[in-house]
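> this one's sequence-less:
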């Protein structure tokens, strides 16, 4: 007999936790809920199971999370009531309502334990296999409580500053702050990612006030520094660090300590931002943004290789039907969501997940197609946010970068359709049509570039569309060569200023073999932050600034996130381009290993490949590659070598 | 300057309260949430207002129900913070999340008070005028608390029965039970609509247990009898009666005291069931059912004339997009919902309401049209409940009664379209097409009847489709004559057994002038219950039963509702056919008064006509009609007399 699990309407667990996540942001004395449509679980659902007992009969006990009942063979039972079952066929049906929570049941039984064999609907549509999670396998583990892990952390330093005391935990963390030894008087709690923020109490972004007790446990926050003021002698703090227990499955080492340090800091930054979904930053909004999540998913595949967090993120971003808005209201984020899904499928080959989410992808695409103009190009309408990047892109009429993403999204849809044995050729045809028209309207041979917009005569060129054209194999070899010289390596074309888009640019440069540009950036940008004492990667870094000016953004003195997921991009670059491992068919059934030293003297590391891993060790004289998974091909100096599981392949440089 | 009100996304107030209503049912030790898709408010919404201050400037204070913030001209403020406004143009935008509640704001301001001039969306779609209710006009009145009225009620009798005490409140009521003088020991609380139910503790439907205190206030329930057991001497109960404060606007008197008593009992029954929406019955499920609500709306128009409860009911029944299920999962209830809307429009001419709800009506109709078969007839599919009535209708293939309702629903859609200045001719054409095909497939001239189903050869006839054909003007004069003789007056055709459908049958008979049949039914059916001591009208009455057998239904000893809204139908019949008042254009802009004595010697009464009323007094020698509203026409002996507001029209019989 199988195990019992809490079960729910598929996807509702994810929506429940992402909704709560998106409504938890606080700044100063106000709360800031997310500014896009958030979906929550169906408020009432039906669970259904038909089963047969042998001669010996059986029993069931149904526990209900919410209000509801369990009917067995027409008789109604309350939550927790034991039902004795005779021999023969039975039908069990539970109705559960939970307004503001997650309708779920846990059926303990020797014949029909609750698992994905139960059907669920919302009193409309067909019964579908239940949603579940292996962690919720006893009645006491309520699926409304997200299963984080905890660890007590202590400050590494403290000092009196005026009336207050400043504590430093040594590095940023997220969790509950525990205060002891207070005197019951009013005391302000100022959370700082930086020392300056914690002390600058008129501007500290996250603050609390306590009073009336001698000890407190405060709600979860992100902080490195805690400033209590006015604080009595003897007041002390500890933190209950809250985190997702993920195992690091990717590694990278090399001969340059700074590059290793960058990976360490990136990994810690990324881990702090891996929670219910992929967060952008751990302090300020703690929201899930589709563009950031797209990059986080790629980073995840070379680090934690955690499928579940990707799926929670994708489900939470798209929400429920009707789909009448882009993820985060951003047009480009719709396309990146679709492209991310196909990359997810290439990574994990989880066909069941794709079948469940594909109808939503179709609806989202249809919504995007409602934004296609008479020329056949997509453009933001009716309050759509055409983001692309914080940059001076000419956003007049349909923008080239959006077309690039739509071309790629159509190709992604074809992958997703084919994953289910459906015909994807319509999507491919649309992709090719659009590609042809994009070349016609946006490509300027004399500029060696795609222009931002054809609607005005400025012929303005930015890097963005051109980078996408390379990343998604839209530019042909000739165009790619021109783009590299006339755009990417052309200092007259406005530089990318955000690490978000820098992620795409470095990816494109690395793809074209320009690893020296990547290394320059690692050195100056990530190295620059680390030189300033950063223990996590910042949302943005401008070497021309100094002191606390580094912490300002969005018009606020400390509004910059100092622990931002997109800063963890080096993890992806190391794994994808230096160790050189990537899938060539869904789920890494086949994969390639194309290691590259770049400007380094030696590199080594591990890349997870969905049920196995690849170890690579390369220096200027030799290459060693080993994997425990079939389907691998080593590519070295243009020659392909099949990899045999368990056998180390050793080549001389 | 205008007043401030709590504002929300239009319709969400109604969804919030109907969701809670639908999850409150309890029986014995279990809860039974509604078994159809329930919609709840958007979990996060945006409020927006642009306004201009004069030289003197202004201020605002925004109170938020939920989590959120108010941004004015780019600066964020917390709930309750006072914002001082300078001269000139300003933009205020609030974001509010409330998971499990109603996102709403209350803006106190001398320049931009919160009212329907504020725009609201759910971060998708255009800004729409806010929803509001005149009752929520101060910050302290939270719109999540439904504004009922309260009155303390005392038992009229009590007696010791074994270990317990039985209290009788004299008539059924709904409210909080207050217990005093308890001894803190375990005590069972058994709520009875009948004395038998309260005493038969193994089968009492609604029960509570109390312990540990000497006084208790229990959650709201319906009851006439309270049985406490074991109960100490001195224990006492009172009830805090909870009701919707509605003013009775229709009256009816006649020379037969029983008929007046029937109206009194019907009105009390109906009032108890008028709450957040139109409930079916006050004890058992307390749910809103579309078919019951259709009849309740007609009763309401000759009694309380309360537009708001109708609108709450309609909004709550249809829910939010996507519409992928019928109200209560019942196919016929979709059509009745649409027909009810057009009758609502004819009554109140509230064009703004129709504009808001019409898109949902279109979606619901489209969903129903997805159930049309190759012959062009609608039929239940994929778990749709083809209800019509608890009767042995031949439900094979598409059923005639459903086609009748669809014909009427198309006509109703045309009315709703034209109410907004849209072209409704497509709906009329569909209605006529279907009507033609129905006559071809279902009408049997030799039987003088529409048959249940054309899919089998049985030619089975029930009253239902034929009644609808008369009510919705589908049968022509010739067919109507045949139906009256061969179906309605034919004892071989199975009699209607439910008061629900009896409501339609009596309506049809009265429409055909057969008031003697109506009077026979009033006498035997309603009179029969009253003779048994009923103080409210039952869900069903079968004169062949006796004693507590009257209270059994749905397989339970006391599962029959003894206070059921559909039993209040006489109110409608009196006003519509005896006093004879009905609208002939939207909002009673024109209306007719066609009084009829039937078998009575004298009748008199008042009918509300949307901003006015009509008084009718008729006996065998004279007729007096008076109204304060223009547009009325008196029809008497085939002659039309225009009614002049304020002038009594007196005619001799």
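Thanks, I have the structure now. Keep in mind it's a predicted model, so treat the numbers as computed, not measured.
> can you give me the strands in the stretch 151-300 of chain A?
Per DSSP state E, counting those that start in this stretch, the stretch 151-300 of chain A carries strands over the ranges A:157-161, A:164-180, A:187-192, A:206-210, A:216-217, A:221-229, A:236-243, A:251-254.
> any regions of chain A where pLDDT drops low?
For chain A, applying pLDDT under 70 flags the ranges A:1, A:653.
> now do the strands in the stretch 501-650 of chain A.
For the stretch 501-650 of chain A, the strands defined by DSSP E, counting those that start in this stretch occupy A:581-583, A:591-593, A:602-608, A:613-619, A:622-627, A:632-636, A:639-642, A:649-652.
> which one of the ones you listed lies nearest to residue A:556?
When the strands of the stretch 501-650 of chain A are compared by Cβ to Cβ, strand A:602-608 sits nearest residue A:556, at 38.6 Å. Bear in mind the C-beta positions are built from the backbone N, C-alpha and C, glycine included.
> by contact count, what packs against that closest one?
Contacts defined by 3 or more Cβ pairs under 8 Å, 6 or more residues apart in numbering or on different chains; DSSP states H and E place strand A:602-608 against strand A:251-254, strand A:613-619.
> in it, what's buried?
Of the residues in strand A:602-608, A:603-608 count as buried by neighbour count, 16 or more other Cβ atoms under 10 Å in any protein chain shown.
> residue contacts, residue A:368?
Counting by Cβ atoms under 8 Å, 6 or more residues apart in numbering or on different chains, residue A:368 makes contact with A:326, A:331, A:334-335, A:378, A:406, A:409.
> tell me the residue of chain A that sits nearest chain B?
In chain A, the residue found nearest to chain B is residue A:100; the distance is 2.1 Å by Cβ to the nearest Cβ.
> that residue contacts residue B:100, correct?
Yes. Judged on Cβ atoms under 8 Å, residue A:100 makes contact with residue B:100 at a distance of 2.1 Å.
> where along the stretch 351-500 of chain A do the strands fall?
When assigned using DSSP E, counting those that start in this stretch, the strands of the stretch 351-500 of chain A occupy the ranges A:443-444, A:449-450.
> gap between the first one and the chain center?
Yep, that's strand A:443-444 we're talking about. Offset of strand A:443-444 from its chain centre (Cα atoms, centre = their mean, to the nearest Å): 34 Å.
> that older thread, okay if I get the helices and strands packed on strand A:602-608 as CSV plus distance to residue B:503?
Converted to CSV, the helices and strands packed on strand A:602-608 look like this (distance: least, Cβ to Cβ, whole Å):
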stretch, distance to residue B:503
strand A:251-254, 75
strand A:613-619, 72
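> deepest-packed of the strands of the stretch 351-500 of chain A, please.
When you average the neighbours per residue for each of these (mean count of other Cβ atoms under 10 Å in any protein chain shown), strand A:449-450 leads with a mean of 28.
> contact partners of that strand?
With contact meaning Cβ under 8 Å, 6+ apart, strand A:449-450 is reached by A:400, A:404, A:438, A:442-444, A:461, A:465-466, A:469, A:482-483, A:486-487, A:493.
> among the residues you listed, which pair sits farthest apart?
Across these, the longest distance by Cβ to Cβ is 19.0 Å; it joins A:438 and A:493.
> between these two, point out the one with more neighbours.
residue A:438 (23 against 16; other Cβ atoms under 10 Å in any protein chain shown).
> contacting residues for the closest residue in space to the more buried one that isn't next to it in sequence?
The shortest distance from residue A:438 to any non-neighbouring residue, by Cβ to Cβ, 6 or more residues apart in numbering or on different chains, is to residue A:403 (4.8 Å). Applying Cβ under 8 Å, 6+ apart, we find residue A:403 in contact with A:377-378, A:434, A:438, A:442, A:465.
> the helix or strand hosting residue A:345 versus strand A:602-608: what angle between them?
Applying DSSP states H and E as the criterion places residue A:345 in helix A:331-348. Counting by axes from the mean of the first three to the mean of the last three Cα atoms, to 10 degrees, helix A:331-348 lies at 90 degrees to strand A:602-608.
> for helix A:331-348, name the packing helices and strands.
Using 3+ Cβ pairs under 8 Å, 6+ apart, the elements in contact with helix A:331-348 are helix A:290-300, helix A:307-318, helix A:351-369, helix A:400-419.
> what angle do it and helix A:351-369 make?
Angle, helix A:331-348 to helix A:351-369, by the same axes, to 10 degrees: 160 degrees.
> now helix A:331-348, how far from the centre of its chain.
With Cα atoms, centre = their mean as the basis, helix A:331-348 stands 11 Å off its chain's centre.
> just stretch A:240-260 next, same as before
For stretch A:240-260, the separation from the chain centroid amounts to 17 Å (computed by Cα atoms, centre = their mean).
> so what's residue A:10 up against?
Per Cβ under 8 Å, 6+ apart, neighbours of residue A:10: A:120, A:128-131, A:356.
> could you dump the residues you listed into CSV and include distance to residue B:542?
Output for the contacts of residue A:10, formatted as CSV (distance: Cβ to Cβ, whole Å):
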residue, distance to residue B:542
A:120, 39
A:128, 43
A:129, 45
A:130, 43
A:131, 46
A:356, 50
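> on that earlier part again, what about the contacts of residue A:403, which are in helices?
Counting by DSSP state H, the contacts of residue A:403 place A:434, A:438, A:442, A:465 in helices.
> got a winner among those residues for most neighbours?
Counting by other Cβ under 10 Å, residue A:465 has the largest number of neighbours within the ones in helices among the contacts of residue A:403, with 29 neighbours.
> how far away is residue A:494 from residue A:460?
Going from residue A:494 to residue A:460 by Cβ to Cβ, to the nearest Å gives 10 Å.
> do residue A:57 as well
Applying Cβ to Cβ, the value for residue A:57 to residue A:460 is 76 Å.
> which one's more surrounded, those two?
When residue A:57 and residue A:460 are compared for neighbours, residue A:460 comes out ahead with 17 against 14, by other Cβ under 10 Å.
> what is the burial count for residue A:317?
Residue A:317, neighbours per other Cβ under 10 Å, totals 28.
> returning to that earlier point: now the contacts of residue A:368 as CSV including neighbour count?
Compiled in CSV, the contacts of residue A:368 are given as follows (neighbours: other Cβ atoms under 10 Å in any protein chain shown):
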residue, neighbour count
A:326, 28
A:331, 25
A:334, 30
A:335, 32
A:378, 25
A:406, 29
A:409, 31
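> just give me the closest of these to residue A:391.
residue A:331 (15.6 Å).
> dump the residue contacts of the closest one.
Going by Cβ under 8 Å, 6+ apart, residue A:331 touches A:368, A:371, A:378-380, A:384-387, A:402.
> now with 10 Å?
Residues near residue A:331 by Cβ atoms under 10 Å, 6 or more residues apart in numbering or on different chains: A:368, A:371, A:378-381, A:384-388, A:399, A:401-402, A:405-406.
> same question for residue A:469.
Taking Cβ under 10 Å, 6+ apart, we find residue A:469 in contact with A:400-401, A:403-404, A:407-408, A:435, A:438-439, A:442-443, A:449-450, A:475-476, A:479-480, A:483, A:487, A:508.
> restricted to buried residues, select those in PyMOL.
PyMOL command restricting the contacts of residue A:469 to the buried ones, with burial defined by 16+ other Cβ under 10 Å:
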select buried, chain A and resi 400+401+403+404+407+408+435+438+439+442+443+449+450+475+479+480+483+487+508
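> re earlier: residue B:192: which of the helices and strands packed on strand A:602-608 is closest?
Once these are compared by Cβ to Cβ, strand A:613-619 is nearest, at 69.7 Å.
> rewinding a little: out of the contacts of residue A:10, which sit inside strands?
Per DSSP state E, strands hold the following members of the contacts of residue A:10: A:120, A:128-129, A:131.
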